[in-house]
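> got a predicted model here, sequence first, then my questions.
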Amino acid sequence: MTAMMTPATTPLLNGVRTMLFAPTITDAELTDAEKAVMWKLSAQLLDPMYQAEMALSELYYLGLNVVNSLGISIPPELEPLKAVLGWCEAGIDARTERLNVAGFRLPGQTEVDSSLQEFWQTNNLDAESHLAHEAALIVGRSYAVVGPREGGGVPLITIESARNMIGSWDPRTRALSAAYQTYRDADPASETFNQQLATLYTRQAIVQLRQDPKLGWLVQDRNDHQQGIVPAVQYAPRATLSNRLGRSAITNAWRNTQDRACRALQRMEVSGEFYATMKTFLLGVTEEQFKKADGSKATAWETFIGRISALKADEFGNLPQVETVPGQSPDGFVTSLDLETRIMSGHTGLAPHYLGIFSDGNPASADAIRMSDFRLKKVSDRLSVSFGDGHESLMRIALKVAGESREGIEQLETDWDYTGIPTPYADTESMARQVEVGMVPPDADDVLAYTGWTTVQRQRLAIQRKKTHGLAKLDNALDGLNQPGGGGQPADGQQPQALAALEARRATDGAITG
């Protein structure tokens with residue numbers, strides 16, 4: 001059995017639309033079944049509607065979507081004036097900010113598995129995993145690919161975009177039955193720079209292809225691993241029974257509400273240009289009466305921003321009549337925008353202050369803040385289950401690629417940081433009480449985890465605790481040796497040597513501890 005080949009790691013170009021050609025019929029390295037899978041997945045991936053839906057979700061996340069006016073209150077000359085709101089971005093980020101993987105635990109373990117942590121950290125997944133979470137929530141899905149690292153060692157894991165990769169889901173095994181990826185090589189240092197490349201992943205083989213302008217797709221490399229698994233994982237946190245590819249968290253309700261709010265801001269801005277300032281009407285005055293110090297005529301703007309101190313009567317003795325009209329208040333637009341903000345808060349599950357609504361009264365209590373955060377926490381908890389399932393599958397595949405096996409690997413669990421609002425003092429008080437009544441051992445790892453300590457910090461504290469405990473034992477031994485007839489007193493003639501050894505050990509441990 002040969003090892004799985006390294007997955008393509010060349011940077012991807014979003015939105016690539018390349019005409020697909022059939023693999024060369026004379027190429028014996030691609031079976032008829034593989035051709036059929038490749039054709040089916042490539043047609044689905046490059047379907048214009050499929051790509052357009054993902055592109056639209058990305059535009060809403062970036063605040064770059066076009067919000068058309070209704071053509072009534074906005075003059076045609078001001079159509080280019082656009083309002084941008086980051087509500088969709090806030091809804092996604094509020095979820096991904098809470099999804100931090102602390103590590104992985106096997107059954108019976110109280111601490112994260114060090115070997116799997118090495119896999120995770122070596123591939124920089126503490127940062128890259130956030131890209132998978134964010135992309136999956138924006139467009140509905142993202143992918144990760146596993147393969148051996150060049151030169152051996154920890155398997156190579158890369159996060160891939162759904163704009164360039166797609167998979168076929170097997171609901172029976174709850175895993176990918178095949179996957180297809182295509183991209184244009186954007187690495188100028190690569191031998192295939194600017195060429196269209198593709199990779200087909202099946203349960204028996206991994207095939208890398210290159211597109212020839214005349215001959216179509218040609219097989220560059222092939223590996224028949226025969227391991228019975230596709231070395232790729234799909235993250236689809238909002239999948240349904242009828243759509244296993246998942247759906248974007250940026251729903252139509254999010255989009256429509258943000259569009260209405262943007263139009264309200266646009267109308268407010270136009271109103272500010274035309275109606276917000278006070279209007280002054282001078283009746284019975286001619287333009288000749290507005291002159292500057294040098295005798296030249298003042299422009300309308302110079303007259304507006306200047307102060308009219310006096311105007312003389314006309315030849316008939318009539319004084320000018322001055323009328324003013326106050327500017328229009330923006331309260332109506334503010335009320336409309338406030339309504340849309342509250343609607344968006346309901347759609348996204350965000351507390352109103354996430355979207356800029358703050359109470360002018362007394363600050364909310366801690367319990368009130370927790371209650372307002374309850375829905376978002378529950379959403380984050382559900383997402384952690386979905387993403388955690390993908391991460392666990394990823395680690396199982398990585399172990400298989402590395403040629404390792406673990407007892408109880410099917411029961412692997414992802415250890416997540418707390419997804420709610422941290423309240424260190426209240427959590428510490430609660431856990432201290434549970435330790436006091438004997439419900440929880442004081443040195444249990446879960447005590448520190450509950451009170452907010454990270455995995456790395458807990459590991460350091462465990463080492464520190466062991467060293468401190470060891471030094472306490474040494475102190476007790478030294479005290480026993482210093483007492484005549486003590487239970488720990490060595491035989492005659494050995495006490496100076498024993499004391500010196502213990503003192504040296506203590507000094508060494510003290511230096512390490514410090």
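Thanks, I have the structure now.

> every contact and neighbour count from this point should use C-alpha atoms.
OK.

> all helices of the stretch 201-350 of the chain, in order?
Assigned by DSSP state H, counting those that start in this stretch, the stretch 201-350 of the chain shows helices spanning 252-274, 300-305, 331-348.

> okay if I get those as JSON lines plus mean pLDDT and mean neighbour count?
Formatted as JSON lines, the entries for those read as follows, by pLDDT from 0 to 100; neighbours: other CA atoms under 10 Å:
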{"stretch": "helix 252-274", "mean pLDDT": "84", "mean neighbour count": "18"}
{"stretch": "helix 300-305", "mean pLDDT": "57", "mean neighbour count": "11"}
{"stretch": "helix 331-348", "mean pLDDT": "86", "mean neighbour count": "17"}
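
> as TSV, those helices with distance to Arg203 would be great.
Below are the helices of the stretch 201-350 of the chain laid out as TSV (distance: least, CA to CA, whole Å):
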stretch	distance to Arg203
helix 252-274	37
helix 300-305	75
helix 331-348	39
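
> count of neighbours near Ala402?
For Ala402, the number of neighbouring residues by other CA atoms under 10 Å comes to 19.

> which residues touch it?
The contact partners of Ala402, by CA atoms under 8 Å, 6 or more residues apart in numbering, come to Pro148, Gly153, Val154, Pro155.

> count the neighbours of the nearest residue to the third one once chain neighbours are set aside for me.
Once flanking residues are discounted, Val154 sits nearest to Phe119: 6.1 Å by CA to CA, 6 or more residues apart in numbering. Residues lying near Phe119 (other CA under 10 Å) number 19.

> looking at this, Phe119 is in a strand?
No - when classified by DSSP: H, G, I helix; E, B strand; the rest coil, Phe119 is found to be helix rather than part of a strand.

> wouldn't it be in contact with Arg149 here?
No - under the criterion of CA atoms under 8 Å, Phe119 makes no contact with Arg149, lying 11.3 Å away.

> between the two, which contacts overlap?
Overlap between the contact sets of Phe119 and Arg149, as judged by CA under 8 Å, 6+ apart, is given by Pro155.

> quick one: Leu383 is in a helix?
Yes - counting by three-state DSSP, Leu383 is found in a helix.

> tell me the contacts of it?
If a contact means CA under 8 Å, 6+ apart, then Leu383 has Pro237 as its contacts.

> can you tell me how far the nearest residue to Ala351 once chain neighbours are set aside is from Pro352?
Setting aside the residues directly before and after it, Ala351 is nearest to Ser372 in space (CA to CA, 6+ apart), at 5.7 Å. Distance, Ser372 to Pro352, by CA to CA, to the nearest Å: 9 Å.

> same deal with Val112?
The separation that Val112 has from Pro352, given CA to CA, amounts to 37 Å.

> again with Leu265
In this structure, Leu265 and Pro352 are 18 Å apart, going by CA to CA.

> same thing with Leu41?
Computed as CA to CA, the Leu41 to Pro352 distance reads 42 Å.

> between those two, which one's more packed in?
Neighbours were counted for Leu41 and for Pro352 using other CA under 10 Å; Leu41 has more, 20 against 17.

> any buried residues in the helix or strand encompassing that one, and which?
Assignment of secondary structure by DSSP states H and E places Leu41 within helix 32-45. For helix 32-45, the buried set under the neighbour-count rule, 16 or more other CA atoms under 10 Å, comprises Glu34, Val37, Met38, Trp39, Leu41, Ser42, Leu45.

> repeat that for stretch 399-410.
By neighbour count on 16+ other CA under 10 Å, the buried set for stretch 399-410 is Leu399, Lys400, Val401, Ala402, Ile409.

> what is the nearest of the residues you listed to Glu134?
Ranking the buried residues of stretch 399-410 by separation from Glu134, with CA to CA as the measure, puts Leu399 on top at 25.5 Å.

> quick one, phi psi at Gln227?
Summarising the backbone geometry of Gln227 under the convention degrees, to the nearest 10, its torsions are phi -90, psi -10.

> distance of the residue lying closest to it once chain neighbours are set aside relative to His391?
Among residues not flanking Gln227 along the chain, Gln204 sits closest, at 6.1 Å (CA to CA, 6+ apart). Note on Gln204: its distance to His391, by CA to CA, is 22 Å.

> the more surrounded of these two?
Neighbour totals were compared for Gln204 and His391, and His391 leads with 24 against 15 (other CA under 10 Å).

> doesn't Val145 fall inside a strand?
Yes - counting by three-state DSSP, one finds Val145 located in a strand.

> SS state for Ile421?
Following three-state DSSP, Ile421 is assigned to coil.

> again with Tyr180
strand.

> and it, what does it touch?
Tyr180 sits next to Met38, Leu41, Ser42, Met165, Ile166, Gly167, Ala198, Thr199, Leu200, Tyr201 when contact means CA under 8 Å, 6+ apart.

> so which of those is the most crowded?
Counting neighbours by other CA under 10 Å, Gly167 comes out on top of those with 28 neighbours.

> pretty sure that one contacts Pro231?
No - assessed by CA under 8 Å, Gly167 is found out of contact with Pro231, at 11.4 Å.

> ok, now how distant is the nearest residue to Glu118 once chain neighbours are set aside from Phe104?
Residue nearest to Glu118 in three dimensions, not counting chain neighbours: Val154, with 7.9 Å by CA to CA, 6+ apart. From Val154 over to Phe104 the distance is 16 Å, taken as CA to CA.

> can you put the buried residues of stretch 399-410 in a markdown table and add distance to Ala90, pLDDT and secondary structure?
What follows is the buried residues of stretch 399-410, written out as a markdown table (distance: CA to CA, whole Å; pLDDT from 0 to 100; DSSP: H, G, I helix; E, B strand; the rest coil):
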| residue | distance to Ala90 | pLDDT | secondary structure |
| --- | --- | --- | --- |
| Leu399 | 36 | 92 | helix |
| Lys400 | 38 | 91 | helix |
| Val401 | 38 | 89 | helix |
| Ala402 | 39 | 88 | coil |
| Ile409 | 36 | 90 | helix |
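
> between those residues, which is nearest Arg172?
Ile409 (19.5 Å).

> tell me, how many residues neighbour Leu137?
27.

> pretty sure it contacts Ser248?
Yes - with contact taken as CA under 8 Å, Leu137 and Ser248 are classed as touching, separated by 5.6 Å.

> so where's the stretch 351-500 of the chain uncertain?
Scanning the stretch 351-500 of the chain for pLDDT under 70 picks out 358-369, 423, 425-426, 450, 452-456, 469-500.

> need the strands for it, in chain order.
With DSSP state E, counting those that start in this stretch, the ranges of strands along the stretch 351-500 of the chain come out as 413-416.

> which ones are touching Glu410?
Under the criterion of CA under 8 Å, 6+ apart, the contact partners of Glu410 comprise Arg396.

> for Asn68, see how far away it is.
Glu410 sits 51 Å away from Asn68, going by CA to CA.

> next one: Met38
Between Met38 and Asn68 the distance is 39 Å, computed by CA to CA.

> strands of the stretch 51-200 of the chain, start to end?
According to DSSP E, counting those that start in this stretch, the strands that the stretch 51-200 of the chain contains are 101-105, 142-147, 156-160, 165-170, 175-184, 196-202.

> ranges for the helices of the stretch 351-500 of the chain?
366-372, 374-401, 424-436, 445-450, 455-482, 495-513.

> list the buried residues of the third one.
Of the residues in helix 424-436, Thr428, Met431, Ala432, Val435 count as buried by neighbour count, 16+ other CA under 10 Å.
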